[in-house]
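Q: Just a sequence and a predicted model for now, questions to come.
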Amino acid sequence: MEMTASLAKELGYKSTTRGALITKVTKKGTLKRGMVITSVEWKDTPTLREVQAELEKGSLEKGILLQVRAPQIGVRFVLHKLSEKK
């Protein structure tokens, strides 16, 4: 979901926050529902379309570096990667 000014304010972000809002996670990990992806592999991604395009270029096997933001934690960098099955 794309972050809008009104949604940002409703969720406790600055109204200028842009990026892709994480609305669903499929497993326990560092990414949490309510976080906003603001860059992918060091490239600013202010729209959902840009986040999706950059994610498609990356490799989950190697890992994709995300910059995420949340009101409670501020800015954090996360390496999003497929988990290895044992």
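A: Okay, I see it. Worth saying up front: this structure is predicted, and the values here are computed from it rather than measured.

Q: so what's the residue most central in space within the chain up against?
A: The geometric centre of the chain, computed from its C-alpha atoms, lies nearest to residue 37 (Cα atoms, centre = their mean), at 2.3 Å. Residues in contact with residue 37 (Cβ atoms under 8 Å, 6 or more residues apart in numbering) are 19, 20, 22, 45, 51, 66, 67, 68. To be clear about C-beta, it is placed using only N, CA and C from the backbone, and glycine gets the same treatment.

Q: pLDDT weak spots in this protein?
A: Low-confidence segments of the chain, defined by pLDDT under 70: 84-86.

Q: Going along the chain, name the strands of it.
A: In the chain, the strands defined using DSSP state E lie at 20-21, 36-40, 43-44, 64-70, 74-80.

Q: How many residues are close by the nearest residue to residue 57 once chain neighbours are set aside?
A: Setting aside the residues directly before and after it, residue 57 is nearest to residue 41 in space (Cβ to Cβ, 6 or more residues apart in numbering), at 7.6 Å. Neighbours of residue 41 under the rule other Cβ atoms under 10 Å: 14.

Q: Brilliant, that's me finished.
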